[in-house]
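Asker: sequence unknown, structure follows:
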Ligand code: HPA
């Protein structure tokens, strides 16, 4: 099985990868250039979604190219990382959240492969937006990492992700509204990434890392530097979780254990002829 890893803020390289090289994939949305390497016996494709030097802001990321490219490479499961602000007093900076739901407040992004006309009309179920089988594997891996020391490895097994358009941070009034709506964390990238992955029939889960309390909660202004600094302090934890998850994949996860691949049947019907054996 081929695995995709999409790195968010602060995750621009993967030390867990061996024999790394760049591959180029043409897609109808432009070219992507993920790194490919080997980790824990898997062929792993790694894409830093903001570019290698964090030069692409959330609203300019080429989400369709990234997901189409992963599909073209034969990737069956994607683990994404994301920095988030917290609206929930129990989710503290440095904690992991395995998000299980989203509320989409993005405004101006290409959010579907099914654009009508030659691109077809399809409505895909989103009752469980993030792959439950992958999330279970991530939770099991995190429990194993936390068990020996319990040192600084706090994971929340559920969380509602509010996706904003950015690139500005939120106002305290927006955060208050999102909180009333049931949001736990806020970020700028999960939508449409998770949506396109499901449309393409790829299992997808996100490891969210809380980097800050959301606007108006801490009583201090927010800076991107603060987000990057907290991520930098925690990237070893993110890497450890990715590595442990890959180690547990074989026993804990099969693409048949969820309905993600089945959700990709429209994609296959409409675009299948554009892919080779994948
Ligand atoms: N808001 C939006 N995106 C974020 C935040 C935040 O507070 N922290 C990290 N990414």
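Answerer: Good, I have the coordinates. In this text the structure is predicted, and so the values were computed from the model without any measurement.
Asker: what bits of the stretch 1-150 of the chain have low per-residue confidence?
Answerer: Within the stretch 1-150 of the chain, the ranges that satisfy pLDDT under 70 run 147-150.
Asker: The ligand contacts on that one?
Answerer: Contact residues, the stretch 1-150 of the chain versus the ligand (C-beta under 6 Å from any ligand atom): 83-85. For every residue, glycine as well, the C-beta is placed using N, CA and C.
Asker: any idea which of those residues has the most stuff around it?
Answerer: The most crowded member of these, judged by other C-beta atoms under 10 Å, is residue 84 (30 neighbours).
Asker: pretty sure that residue contacts residue 213?
Answerer: No. Here residue 84 does not reach residue 213: they are 10.7 Å apart, not a contact under C-beta atoms under 8 Å.
Asker: End to end on stretch 215-228, go ahead and measure it.
Answerer: 16 Å (C-alpha to C-alpha, to the nearest Å).
Asker: Mind listing what's buried along the host helix or strand of residue 261?
Answerer: Taking DSSP states H and E as the criterion, residue 261 maps to helix 260-263. Residues 260-261, 263 are the ones in helix 260-263 that count as buried (16 or more other C-beta atoms under 10 Å).
Asker: what does stretch 19-29 give?
Answerer: 25, 27, 29.
Asker: same deal with stretch 239-248?
Answerer: In stretch 239-248, counting by 16+ other C-beta under 10 Å, buried: 239, 241-248.
Asker: Just flag the most distant two among those residues.
Answerer: Using C-beta to C-beta, the two most remote members of those are 239 and 248, lying 15.1 Å apart.
Asker: residues contacting residue 197?
Answerer: Neighbouring residues of residue 197 by C-beta atoms under 8 Å, 6 or more residues apart in numbering: 67, 70, 78, 203-204, 260.
Asker: where's stretch 106-115 relative to the chain centroid, distance-wise?
Answerer: 17 Å (C-alpha atoms, centre = their mean, to the nearest Å).
Asker: try stretch 227-240
Answerer: Using C-alpha atoms, centre = their mean, the offset of stretch 227-240 from its chain centre is 15 Å.
Asker: anything in that stretch near the ligand?
Answerer: Yes. Residues of stretch 227-240 are located near the ligand by C-beta under 6 Å from any ligand atom, namely residue 227.
Asker: Could you say which helix or strand holds the residue in the stretch 1-150 of the chain that the ligand sits nearest to?
Answerer: Nearest residue of the stretch 1-150 of the chain to the ligand: residue 85, at 2.2 Å (C-beta to the nearest ligand atom). Element membership for residue 85 (DSSP H and E) is strand 75-86.
Asker: what residues does the helix or strand following that strand touch?
Answerer: For strand 75-86, the succeeding helix or strand toward the C-terminus, using DSSP H and E, is strand 96-98. Identification of contacts with strand 96-98 by C-beta under 8 Å, 6+ apart yields 84, 91, 130, 135, 138-139, 142, 153-159, 161, 184-185, 205-210, 237, 241.
Asker: Tell me where the stretch 151-278 of the chain has helices.
Answerer: 172-180, 190-199, 224-252, 260-263, 265-271 (DSSP state H, counting those that start in this stretch).
Asker: Give me the average confidence score over the second one.
Answerer: Helix 190-199 shows an average pLDDT of 98 in the prediction.
Asker: Next, the angle from that helix to strand 75-86.
Answerer: Between the axes of helix 190-199 and strand 75-86, defined by axes from the mean of the first three to the mean of the last three C-alpha atoms, to 10 degrees, the angle is 160 degrees.
Asker: Helix 190-199 and the ligand, are they touching?
Answerer: No. Using C-beta under 6 Å from any ligand atom, helix 190-199 never reaches the ligand; the gap is at least 10.2 Å.
Asker: how distant is that helix from the center of its chain?
Answerer: 9 Å.
Asker: The last one too?
Answerer: Between the mean C-alpha location of helix 265-271 and the chain-wide mean there is a distance of 23 Å, by C-alpha atoms, centre = their mean.
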